[in-house]
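Enquirer: sequence and predicted structure below; questions after.
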Amino acid sequence: MRLHIEQGGRVRQVTVSSGALPGEVALHLDDTVLVCDVRDLGHGRLSLRLPDGSMRDVVVEMDPIPGHRTVHVQGVRVPTMASTRVRRGASGVAAHAGPLRIVAPMPGKVVRLPVRPGDRVEAHQPVVVIEAMKMENALSAGRAGTVREVLVQEGMSVEAGRPLVVLE
Amino acid sequence: MRLHIEQGGRVRQVTVSSGALPGEVALHLDDTVLVCDVRDLGHGRLSLRLPDGSMRDVVVEMDPIPGHRTVHVQGVRVPTMASTRVRRGASGVAAHAGPLRIVAPMPGKVVRLPVRPGDRVEAHQPVVVIEAMKMENALSAGRAGTVREVLVQEGMSVEAGRPLVVLE
Amino acid sequence: MPMKTILIANRGEIAVRIMRACREMGLGTVAIYSDVDREARHVRYADRAFPLVGNAPSDTYLRIDKILDIARLSGADAVHPGYGFLAENEAFAQACLEAGLTFIGPTPDVIARMGSKTTARDCAIAAGAPVVPGTQTPVTPDVADAEVQRLADAVGYPLMVKAVAGGGGKGMREVREAATLVDAVRTARSEALGAFGDAAVYFERRVLRPRHVEIQLLADQHGTVIPFVERECSVQRRHQKVIEESPAPRFSDDLRRRMADAAAAVARAAGYTNAGTIEFLVDADDAFYFLEMNTRLQVEHPVTEMVTGVDLVQWQIRIARGERLTLSPEQALTPRGHAIECRVYAEDPDQRFMPRPGRITSLAVPGGPGIRDDSGVEVGFEVPIYYDSMISKLIAWGTDREQARCRMLRALGEYHVGGIPTTLPFFRWMLEQPAFIRGELDTTMLDAELERRAGEPFVPVTDAHLDAALLATASSAFLAARRATHAALPGTAARSGWATAARLGALRK
Amino acid sequence: MPMKTILIANRGEIAVRIMRACREMGLGTVAIYSDVDREARHVRYADRAFPLVGNAPSDTYLRIDKILDIARLSGADAVHPGYGFLAENEAFAQACLEAGLTFIGPTPDVIARMGSKTTARDCAIAAGAPVVPGTQTPVTPDVADAEVQRLADAVGYPLMVKAVAGGGGKGMREVREAATLVDAVRTARSEALGAFGDAAVYFERRVLRPRHVEIQLLADQHGTVIPFVERECSVQRRHQKVIEESPAPRFSDDLRRRMADAAAAVARAAGYTNAGTIEFLVDADDAFYFLEMNTRLQVEHPVTEMVTGVDLVQWQIRIARGERLTLSPEQALTPRGHAIECRVYAEDPDQRFMPRPGRITSLAVPGGPGIRDDSGVEVGFEVPIYYDSMISKLIAWGTDREQARCRMLRALGEYHVGGIPTTLPFFRWMLEQPAFIRGELDTTMLDAELERRAGEPFVPVTDAHLDAALLATASSAFLAARRATHAALPGTAARSGWATAARLGALRK
């Protein structure tokens, strides 16, 4: 099985096959073959034993976007994408070009909208304020731009993932 | 939905339908209707809220035999059988007549077989000794009878559920 | 009238904590719940549970009428308010008493006196406890901006705007100069109204780089007041405690005794009963100032329980049913070992601690020596958007502070929450900070450090993490594909003789 | 040579317990595992893990050669043997030393001296400790039946046949009359050979209705020996401890000090180092007799840790690397509160405690105040048939015995293990027994009571249980059928206005 795996903007090709022993998986990566002992503990939990005997308990969470996963390794969350086909065009994780949609990172209520279409905003300037869990959270753009669209109104309840403001 | 539910040798008929409120299940049992708030927590876990507000966290385990379940209620294991059809003949839980098969309750090794076909055995007399987890476990019949068949040999490894001796 | 059944007017971990004490004392428990909390742990833990209907706090856990209806319906004879929600609401305590219920807390008049930051301050002054300069009366919403400005100028800058009914850092703002005052007062009033149903605030001079140290106390109905060894709560993010410990590091016996005496004097002057906490600010010269009193159980009560062996919740119940305090005052002031608590929040520490409600899809909770887990959630539960984001508390005990710290780090390594981000990575970072290790704490240091870090991840992703994630992703995709074609799982296949020999050979190389 | 990495030559809960101590001390860990243990908790908890290949203890956890190969391969510089398996095997300790590894335990000659019950007895006599009458030399397999009979007759009946290398009730038989002696010796020898690799046994006069009380001690390499407050281990089923507690109920300070002095004297006479335990029998008149010494960590060490605050495993490691004991002897003998431990076995208590290995399909572990969970398993793990059936230990602490008992009962109520039966229902019964509540314990009472009960279920199934099971079965079948036809789950549907109103109306009735 051949996979294209993307992490932190870098794509690597991995060929996976069964190892010689039960539980073993052989991963061909660049010029190396890593034989790991991998056990599926159910519900996304895996126990990996690396070639040097190192143990890693990991949890692979499937994200809503197909192919995207969050892999928990030793308390760290690593966003990872896997695909059996080569992706065309801009990569999912590393995409930077084009309009920027600011989406609600959690469900909540829009309490303030300090920008209007046409406004110029700086990087890290708040564009929406959402209240969730008794706290106000200012959402800002990662880069400077011009507000193209404001898709919500003050007082609206929004679900996680809902687009709020579009910058260009 | 109509169900025949058997517990401790007694069969009861239950008709189940949706209650008026989300999460509610109406159970028609004899002349009463019990409206419970039932939530499926996944993996066999259920949270029941009885009509008087009493809370019961239960775990329903499916047994290997179809229809049979082990229901965990407040630390007690209740064997229960459910079927949408009326069972004909002897009931599964309450069966007493006919030959009695003594099966291995756990995987292990047969270390002693103190009986032979034709032997008369008393209730609670050991008929097979199995070793598991460093302990010898004597299995005995719940009632007196005559050994009809011995299906294993000393030294054999047996799986859980394997018939060992048949009495009549 | 013997106490038989307690209604717990709260949710989450503290409701579970209180029910555990009830179980241990043979008392029945009644839970209340909002719609989204039907599957919550505190509901399923209770003997009986009744719906509040609705979700917003103002429709549910703050609704005195609904709660008293449930108490009547369920036959409960006592109410434990927990912390937050109605815990410091004298109208609730009063309504309980009028309904013939035992309220597990102080009397309504004492809640009113000590719950108001301004009258509590008067009470502290009367008891001879030192206080920080500030406004003498509440700044209610009808006080005009000009008067607000005049009152603030009299206190002097920098100052703190605080909710009179406040607690937990809500309705609190720092004001460094006169120009930002009116805005800060507006926000604080709005937050205070939402959180406590009371928009009144007050002003207090800001002590520079203070430590927040507090004295837990128990007081029975027969005049006995017992103060406990102090808790250090200086690790705060935006005035919200995140780590607490007991005893305070770098704290002398003499200071402990003087502070405990001052706290006991204030409690006696207030006619206090049940469990309460007096908070102090400690400045760089070890001078301390009365800050406020919390007339309820605190989030951080377990650290006191761990170092004194006293079950504070059981004592709250015993005091409420009229028992006499039989604890040794000396033991209450003599810590055995050291305890640290981390408040686990459903927040993403790497995204400026943004709240992240959502479903917990996998969970592993630490155990073993010295670890106490006070959790309000379980796997499968959806952390709701409506309430505080704290989902659990992790407490570590050690013979000394360093052992407690190392145990906490060990336990944090065992802790896994899937589905939503939590503050666990933050704690792994915080407990390794040199200032924390040395015990050099003040309430401003965390915010300053967070500003300096500017969003740098608390536990950086290393190549080792990336490699393991890559292997895991590839393996799981491969195993899933193979599962789809084969019935049998790889691990369950029998080992062939040659394979075993080969493996042993590899090992012996 | 600084100690950096410890190989844990064991499995299950004790391997996890030891690794936790290593983590807290910043030491690396190496696990070993049999084929069926690949997914076990101790393997996944370790930094690195290496296969032993095979499953039977004699092919795996008892294989000194394989373990030393793994130590070499992994670069471990120390070995912790845990309890059971090779923990009291002097050849293993010797082999570790010869391989340049630090053995975390006493020296091989002390293991040999105190591990043999007969030479240990000599040592106790020499140290002035009282002993039970018995055989002076081991009854090895080459001793003929006639001589066996003569030796036993000299000791007198009733007597105990015990494995010289024994522990944990294995290879132990009671003989009430001469006629059953030879059979009992044969079984004991066979069990002893299987469990410890040594068929030698010895005879000891049976003390009637004795209590089993033991003294934990730590001894450093510089001559300091510290005895700890006693553990009561009288709740035994067929000589196997099932509940332990500290301090012993109904135990005077004077008796505690005399027993501790006797234990320390024996340890000093033996040249003992590291952690060890001296077991005593206490008769109805509070006279005590040296029974045997365990030259290793014990299963029940957590109860001592809970009442003294001392981490025994961390001290084992510190002693092994040459540190001096800096504990206060007074504190070690002064219990704070009370601790009780329940050993959770994968056995069906209602089927004469038959071992029931198998897969754990669901699991809920208790937490909260005073509860410590030392577990070796997790959900999804298949408890193997090859090893001891203990899967976990649950420890409860309280300010007094009654609070500890009530907390244990509360925690037992929170504990759920699905897929396999466990001894949890037995503990719920045992902790409610009047004799247990009163603290009137002896090692024969449980077996006598179990015989009297003749298989009566420990927690009887009531109508309330049956009704809940019926409702659960019907509801789950109904929900499963509905899930099969609808996509959406019932709980996720939005509530309609009228439904909410109707519910509130019902509540207000």
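Expert: Good, I have the coordinates.
Enquirer: how would you label residue C:269: helix, strand or coil?
Expert: helix (DSSP: H, G, I helix; E, B strand; the rest coil).
Enquirer: mind telling me what element the residue lying closest to residue C:191 once chain neighbours are set aside is part of?
Expert: Nearest residue to residue C:191, sequence neighbours excluded (CB to CB, 6 or more residues apart in numbering or on different chains): residue C:171, at 4.4 Å. Using the backbone N, CA and C atoms, a C-beta is placed for each residue, glycine as well. Residue C:171 is part of strand C:170-175, with elements assigned from DSSP states H and E.
Enquirer: for stretch C:4-13, how far is the first residue from the last?
Expert: End-to-end distance for stretch C:4-13, by CA to CA, to the nearest Å: 22 Å.
Enquirer: for residue 43, grab the count of nearby residues.
Expert: Here I'm looking at chain A. 16 (other CB atoms under 10 Å in any protein chain shown).
Enquirer: looking at chain C here, not the other one
Expert: Neighbour number of residue C:43 under other CB under 10 Å is 25.
Enquirer: if we can go back for a sec, the residue nearest to residue C:191 and residue C:239: what is the separation?
Expert: From residue C:171 across to residue C:239, the span is 10 Å (CB to CB, to the nearest Å).
Enquirer: got any ranges where the stretch 401-509 of chain C has weak pLDDT?
Expert: C:486-509 (pLDDT under 70).
Enquirer: in it, which spans are helices?
Expert: In the stretch 401-509 of chain C, the segments counted as helices under DSSP state H, counting those that start in this stretch are C:401-414, C:424-430, C:434-438, C:445-453, C:463-485, C:497-508.
Enquirer: smallest gap between chain A and chain B, at which residue?
Expert: Nearest residue of chain A to chain B: residue A:43, at 8.7 Å (CB to the nearest CB).
Enquirer: I'd say that residue and residue C:362 touch.
Expert: Yes: under the criterion of CB atoms under 8 Å, residue A:43 makes contact with residue C:362 at 6.2 Å.
Enquirer: other residues contacting stretch A:28-45?
Expert: A:12-17, A:19-21, A:23-27, A:46-51, A:57-62, C:361-362, C:418, C:470-471, C:475-476, C:479, C:489-491, D:38-39, D:380 (CB atoms under 8 Å, 6 or more residues apart in numbering or on different chains).
Enquirer: only whichever of those are buried, select them in ChimeraX.
Expert: Only the buried entries of the contacts of stretch A:28-45 go into this ChimeraX selection, using 16 or more other CB atoms under 10 Å in any protein chain shown:
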select /A:14,16,19,21,23,24,25,27,46,47,48,49,50,57,58,59,60,61 /C:361,362,418,470,471,475,476,479,490,491 /D:38,39,380
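Enquirer: among the contacts of stretch A:28-45, which are in helices?
Expert: Within the contacts of stretch A:28-45, residues falling in helices by DSSP state H are C:470, C:471, C:475, C:476, C:479.
Enquirer: out of those, which comes closest to residue D:370?
Expert: Of all the ones in helices among the contacts of stretch A:28-45, residue D:370 sits closest to residue C:476, with 39.6 Å by CB to CB.
Enquirer: in the stretch 201-350 of chain C, what residue comes closest to chain B?
Expert: Nearest residue of the stretch 201-350 of chain C to chain B (CB to the nearest CB) works out as residue C:346 at 18.9 Å.
Enquirer: let me fix that: chain C
Expert: Closest point on chain C to chain B, by CB to the nearest CB, is residue C:48, at 3.9 Å.
Enquirer: for stretch C:306-319, measure first residue to last.
Expert: Start and end residues of stretch C:306-319 are separated by 20 Å (CA to CA).
Enquirer: what pLDDT, on average, does it get?
Expert: For stretch C:306-319, the mean per-residue pLDDT is 98.
Enquirer: and that stretch with chain D, contact?
Expert: Yes: looking at stretch C:306-319 against chain D by CB under 8 Å from any CB of the partner chain, the contacts come from C:309, C:310, C:311, C:313, C:314.
Enquirer: with that, I have no additional questions.
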